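In: Dropping a prediction and its sequence here:
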Amino acid sequence: MGPSDPEQSPGFLLWHVTLRWQRAMVAALAPLDLTHVQFVLLATTWWLNTHGEDPNQLSLARYAGTDVKMTSQVLRRLEDKGLVRREVDPADSRARRLRATERGAELAQRAIAAVDAADAAFFAPVGDPTGFLASLRHLADRDTS
């Protein structure tokens, strides 16, 4: 069992864990009529709003770690659903500030609770998540460029 064995490859195993986790997220969010990306952008918009920020599309994409063009498309869909509003930025009429609507804020909170429960169930076999979370943060914070 050398490095060429996929079962010994951390990347291969992470890929499979990610696929299973994504399926758990899809199942948790389906009753709320949200895709995972819609959830991430809605929840991030709501969270930033509750912390005194009305992000524009670029800052939301950077914070959420999403592609800017894809973020624009998903935000249009969330706007069509009445979950977010794009308001003209008083400081720059070309820019739009994002706000979760009342309905969007309520749905974001319900979706966060559903995702938290799904995460807790999915990661329960890890046990105490402290070290696991520290490892994930370390990997997420690495600059691989």
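Out: Looks like it came in fine. Numbers count the residues shown, from 1 in each chain.
In: Quick check: longest helix in the chain by residues?
Out: Identified as the longest helix of the chain according to DSSP state H is helix 102-123.
In: Name the residue closest to the centre of the protein, please.
Out: Closest residue to the average C-alpha location of the chain: residue 40 at 2.9 Å, with C-alpha atoms, centre = their mean.
In: Tell me who's in contact with that residue.
Out: 64, 66 (C-beta atoms under 8 Å, 6 or more residues apart in numbering). (Glycine included, C-beta is placed from N, CA and C.)
In: for this structure, what's the longest strand?
Out: Using DSSP state E to define each element, the chain has its longest strand at strand 92-100.
In: mind listing the strands for this structure?
Out: Using DSSP E, strands in the chain cover 84-89, 92-100.
In: mind checking which of the ones you listed is nearest residue 60?
Out: Comparison of these against residue 60 by C-beta to C-beta identifies strand 92-100 as nearest, at 6.0 Å.
In: Show me what the closest one is in contact with.
Out: Under the criterion C-beta under 8 Å, 6+ apart, residues 42, 45-46, 49, 54-57, 60, 75, 83-89, 108 lie in contact with strand 92-100.
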